[in-house]
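Trainee: Got a predicted structure plus its sequence, pasted below:
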Number of protein chains: 2
Amino acid sequence: MKWGELEEEPCSMARTIGVIGDRWTLMILRECFLRTRRFEGFQSSLGITRHLLAERLKKLVRQGVLRRIPYQDSPKRHEYILTQKGLDLYPIMMAIVHWGDTHMVDARGRPLLHQHRKCGKDFDPVMICSECGEPLSAKEVHTHPGPGARRTPAIAAPEKPKAKTRRSAA
Amino acid sequence: MKWGELEEEPCSMARTIGVIGDRWTLMILRECFLRTRRFEGFQSSLGITRHLLAERLKKLVRQGVLRRIPYQDSPKRHEYILTQKGLDLYPIMMAIVHWGDTHMVDARGRPLLHQHRKCGKDFDPVMICSECGEPLSAKEVHTHPGPGARRTPAIAAPEKPKAKTRRSAA
DNA sequence: TGATACAGTTCTAAAAACGAACTGTCAATT
DNA sequence: AATTGACAGTTCGTTTTTAGAACTGTATCA
């Protein structure tokens, strides 16, 4: 499996990772959600090399996650703003931040709080089941192949022909 | 900003990305949630090089995301299972898969469906506010510095002392 | 005139990933 | 007894990516 092919894998996770699954892309996206729009803005707040930044922005535009919009004419200048497809990445970002808040903070506590405008309170994101509204956890979920499946959802998973599981289950 | 330093950034997103923010790590984690536990299992279903796999697994263990547990003695063999910290990554995984299901599927539809054992139905994950229970979207959220903040949540913003770096000096 | 802001591009060195082969233990075959 | 195969890595030479720094080019400001 090469990275260029990731987008075509029959796995929504692999495809998504093909788009946003590298460190800088994720950091760039974080900046987008913090309202950064311009090349210099990304560059100076992230410290990313200009070369990579240009490349990543291009890719994100190609993928329809960002839109490149002119904001002045004289020297042509553009800003990068999230499309709806990009905005839809929000749950991913929030989930990442929340895991960091839970498992990676130092003694000082979380660096950033999130306030929900609607209810006015600082909140944590909670993931629930769309059908019954209960919070989700890995163990309560069973996966099964959907219409776009190929063999396993996975990549290859070669069949073990006989599986004589060594010296047994004790 | 070098990658080794990412974990110390005053930003939960950067820290999390330092742990799980590369393509193979994410794919390995996906396998974990699909119940893969052993080296060969990861290797053959992902097609990752053995070298990288070994490295990533070690890192995940160091970070407390996986635990390495012996399952036989003769030749020492271990399996890798998710710790609670690892299981807590579930919302991230689900968010990623869901975005892929929404924006990256081909005509055949989604490769994998998720059934909630509790209610028995195939579901989508929905992210809500822990305080009021309403679904979240980027625009309804306001961020502000928390106790662990440093200036911006952001990274560094290198000091430009006077910077006559460019085209002159000639 | 000269400096600065902005958005890139180009180039070389360093780091990471790939690919394939190799090591070593043990179980089951031949 | 020797061979094969499963399993879990490690080693090493090659290719690909990234880092880091400088350069290009337009236009405004002082």
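Mentor: Structure received. Numbers count the residues shown, from 1 in each chain, chains lettered A, B, ... in the order given.
Trainee: where exactly do the strands run in chain A?
Mentor: A:66-72, A:77-82, A:112-116, A:125-129, A:141-145 (DSSP state E).
Trainee: how about low-confidence regions in chain A?
Mentor: Scanning chain A for pLDDT under 70 picks out the ranges A:1-4, A:151-170.
Trainee: make it 90
Mentor: Applying pLDDT under 90 to chain A flags the ranges A:1-10, A:73-75, A:150-170.
Trainee: Break chain A down into its structural domains.
Mentor: Using automatic domain parsing, the domain ranges for chain A come out as A:1-84, A:89-137.
Trainee: need those domains in JSON lines with mean neighbour count, can you?
Mentor: Using the backbone N, CA and C atoms, a C-beta is placed for each residue, glycine as well. JSON lines is the format used below for the domains of chain A (neighbours: other CB atoms under 10 Å in any protein chain shown):
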{"stretch": "domain A:1-84", "mean neighbour count": "17"}
{"stretch": "domain A:89-137", "mean neighbour count": "19"}
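Trainee: Nearest to residue B:53, out of these?
Mentor: Between residue B:53 and these, the shortest gap by CB to CB is with domain A:1-84, which sits at 12.6 Å.
Trainee: Next, the closest residue to DNA strand D within chain A: phi, psi?
Mentor: Going by CB to the nearest atom of the strand, DNA strand D is nearest to residue A:74 of chain A, at 3.3 Å. Main-chain dihedrals, residue A:74, degrees, to the nearest 10: phi -50, psi -80.
Trainee: Quick check: the gap between it and chain B.
Mentor: Distance of residue A:74 to chain B, computed by CB to the nearest CB, to the nearest Å: 19 Å.
Trainee: Please see if stretch A:121-134 touches chain B.
Mentor: Yes. Using CB under 8 Å from any CB of the partner chain, stretch A:121-134 reaches chain B at A:121-132, A:134.
Trainee: Show me where chain A has its helices.
Mentor: With DSSP state H applied, chain A shows helices at A:12-20, A:23-33, A:39-46, A:50-62, A:84-87, A:90-103, listed in chain order.
Trainee: With that, I have no additional questions.
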